[in-house]
Structure formats: structure tokens, C-alpha cells
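Trainee: Have a look at this prediction, sequence included:
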Amino acid sequence: METEPETLEVRRKIFFKIARDVREYQRSVVPTEELVRRLREGKVDVFTFIERKWCCPIESPSGSWLKADDNIGLLTVTSYDDWLKLIGKKTRNMIRKAEKGGVATKVVEPSEKLAEGIWRIYNETPIRQDRGFPHYGISLRTVTSTVLSSHDSTYIGAYIQNELVGFIQLVHGDNIAIISQILSMQRHWDKALNNALVAKAVEVCADKRIRWVMYGRMGNHPTLDAFKQNNGCIRLPLTRYYVVLSGKGRLAVKLGLHREMRDSLPMWLKRPLIPVYNWISRVRMRIKARSVPKPKHLPCTDECS
């Protein structure tokens, strides 16, 4: 499929430009001669894309494309009941715990009220999963604009007494649904909100006959990786391709600068560095949080129900 200009992301890294299609997981992207021409005209030095191995393997990749190992967390959905049998007893108990704790999950249409609830969740705390949370301090206007323009998404909300306390955003693509976000209020984490949200997402995908659900990548966050595995995800190895478009691109590739540092480090070296990265992330976010006003609590209206 041809990359559209509005979905092309170009980043500058040191002395070169690298581009990718931001929807590369939602649809198959293979560089055509026309795309290569447009990228060169735009002074792009390297173009990267992934092989969607789960549904559309590339049969005859060009010998000029460079390869690197990549992965995703992938859940294969047949039915909700099959998924319940797949996950362990502990995870099933967490789902029941959420139900007993008064957590109700449902599909929610994008609206200003949903955006306000998501905004409050974003701004509850600057630290999540031992790291600085990048959405902390985001404005209500920005969240509202994002939610209302999410035409390819399904939102699932978790509610306690009509208050939004967690949500999942499922982004739909060709032969895939992607868990773009899953987030819940920390003050209600004892109620297993995220387990309830994943369960509802699987139910929704099963009803829509969506066979594959992607839950990010695996290997950079041990705690989150364990949560994904407990909910039936496997680490699916993929190939990431790099197309060199210029002399600067060739130099960048030769120096190994085309890959993200976190992906090029071996696991034995990456694991001890994760706590250091988390600490730096927390310090930066705490400094930023000093200038972020806390959202005022507004009473919930009938629109929440």
C-alpha cells in the first residue's frame, strides 16, 4: 500500500533524516518507486517499515533493504471463551475481582464528556509504572481534539458509580486492532481495572471477528511485559526493514545510528539500565509537574451513565 503524505513521519537524528509511515502496523507498507522518489525529493536519507508477518508476509523482499529484528505483543482472538481458557487462573480471578468491586466496562462513543474523563486520568499523577508519564499536564482542549478526531478507534471505558476510572483505545487497521492506550486511575488500581478493560477489549474484538490484537512491543518494560503475557499475548518476532536513500543514510546505517538505542542494546545490558532510565524519567517529570495545575473535580452528570 502506498504511504500517504499525511501519515509520513520524518525525524531528524543527528545529521540525517529517517522516515516511517505512522500507520505501519495498521496497514501493509512496501516502498514503491514513486514513494522512494518522493522521499528523496524531501531530502529523506532512510525509510523504515515493518513486515506485518501475522497477516501479510513479504514474499520477495529486495536484497537492498537492510534488516533488523523487531517484535510486537500479539494476541490471537478466536472467541471470548477461548481467551478465558488461555489465560491463567490468577488473571481470571482479577477479572472477577473487578466485577465484584463494582467496575462496569462498556464501549463509549467519542464525546467531550469522554475526553474530560480521559483528561482527568492523564492528570491524576506524573509518575506511572515507575516512569515519568508523558501525557501528564496535557490540556483538556488537546485531549478533546484527539478524542473527537479518532475516527478509526473504539473507546472502552471502565466505570465505578458512573465515573470514568479507566479506558482503552482500540485503533482499527487491516487485519488488526491495536491497543493504543490502556490507562486507569491509580487510586482504583486495587480493583483490577486494566484486567477488566482487556477482557472487554477481547470480547469486543471477538464480536467484530477481529482475529489479531496488538499490544505494543515487548522487551523494554519487564512489568508491563508480564501483564501482557498474563493476558494471553505472545512476543511475535518481526523484521524491520531500512531503505537507504542517500550517502548520509549509508553513513548513518554504517555507524548503527538508524536504530533506536534501546533496540540495538543486547538484553543483558539493557536490563540493568532500565532502572536508571526510569529514575531519570521520574526526576524530569517531577520537575515538570511543579508547574502543572491540578484539574479541579467536577461532579459527574447524567452523561457519564
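Mentor: Cool, the structure landed. Numbers count the residues shown, from 1 in each chain.
Trainee: and the residue most central in space within the chain, what pLDDT?
Mentor: Central residue of the chain (Cα atoms, centre = their mean): Ser180, 3.8 Å from the mean position. pLDDT recorded at Ser180 is 93.
Trainee: continuing past the strand or helix carrying it, what's the next helix or strand?
Mentor: Using DSSP states H and E, Ser180 sits in strand 176-184. With elements assigned by DSSP H and E, the helix or strand that comes after strand 176-184 is helix 193-207.
Trainee: Can I get that next one in PDB, CA atoms only?
Mentor: Extracted C-alpha coordinates of helix 193-207, given in PDB (Å, rounded to 0.1, in the frame of the first residue of the first chain):
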ATOM      1  CA  LEU A 193      -9.300  -2.100  36.200                       C
ATOM      2  CA  ASN A 194      -6.800  -2.900  33.500                       C
ATOM      3  CA  ASN A 195      -7.700  -6.600  33.600                       C
ATOM      4  CA  ALA A 196     -11.400  -5.700  33.200                       C
ATOM      5  CA  LEU A 197     -10.600  -3.400  30.300                       C
ATOM      6  CA  VAL A 198      -8.500  -6.000  28.400                       C
ATOM      7  CA  ALA A 199     -11.300  -8.600  29.000                       C
ATOM      8  CA  LYS A 200     -13.900  -6.200  27.400                       C
ATOM      9  CA  ALA A 201     -11.500  -5.400  24.500                       C
ATOM     10  CA  VAL A 202     -11.200  -9.100  23.800                       C
ATOM     11  CA  GLU A 203     -14.900  -9.500  23.900                       C
ATOM     12  CA  VAL A 204     -15.400  -6.600  21.500                       C
ATOM     13  CA  CYS A 205     -12.800  -7.900  19.100                       C
ATOM     14  CA  ALA A 206     -14.300 -11.400  19.200                       C
ATOM     15  CA  ASP A 207     -17.800 -10.000  18.400                       C
END
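Trainee: And the next helix or strand past it?
Mentor: Next along the chain after helix 193-207, taking DSSP H and E as the criterion, comes strand 212-214.
Trainee: Relative to that following strand, what are the paired strands and their orientations?
Mentor: strand 66-76 (antiparallel), strand 176-184 (parallel) (DSSP bridges).
Trainee: quick one, the helix or strand following that strand and strand 176-184 angle?
Mentor: Under the assignment DSSP H and E, the closest C-terminal helix or strand after strand 212-214 is helix 222-230. Relative orientation of helix 222-230 versus strand 176-184 (axes from the mean of the first three to the mean of the last three Cα atoms, to 10 degrees): 130 degrees.
Trainee: Quick check: buried residues in helix 222-230?
Mentor: For helix 222-230, a neighbour-count test (16 or more other Cβ atoms under 10 Å) marks Leu224, Asp225, Phe227, Lys228, Gln229 as buried. All C-beta spots, glycine's among them, are computed from the backbone N, C-alpha and C.
Trainee: Tell me the confidence at the nearest residue to the fourth one once chain neighbours are set aside?
Mentor: What sits nearest to Lys228 in space, not counting adjacent residues and going by Cβ to Cβ, 6 or more residues apart in numbering, is Gly73, at 4.5 Å. pLDDT, the model's per-residue confidence, is 97 for Gly73.
Trainee: wait, isn't Gly73 in contact with Tyr215?
Mentor: Yes. Assessed by Cβ atoms under 8 Å, Gly73 is found in contact with Tyr215 at 4.1 Å.
Trainee: Next, show the common contact partners of those two.
Mentor: Taking Cβ atoms under 8 Å, 6 or more residues apart in numbering as the criterion, Gly73 and Tyr215 both touch Lys228, Cys233.
Trainee: Spell out the residue ranges of the helices in the stretch 51-200 of the chain.
Mentor: Using DSSP state H, counting those that start in this stretch, the helices of the stretch 51-200 of the chain run over 80-86, 89-100, 112-122, 140-148, 193-207.
Trainee: Can you give the distance of the third one from its chain's centre?
Mentor: Meaning helix 112-122. Distance, stretch centre to chain centre, for helix 112-122: 18 Å (Cα atoms, centre = their mean, to the nearest Å).
Trainee: and what of the longest one?
Mentor: Its chain's C-alpha centre and that of helix 193-207 lie 16 Å apart, by Cα atoms, centre = their mean.
Trainee: Pull the contacting residues for Gly101.
Mentor: By Cβ under 8 Å, 6+ apart, Gly101 lies in contact with Ile160, Asp190, Lys191, Ala192.
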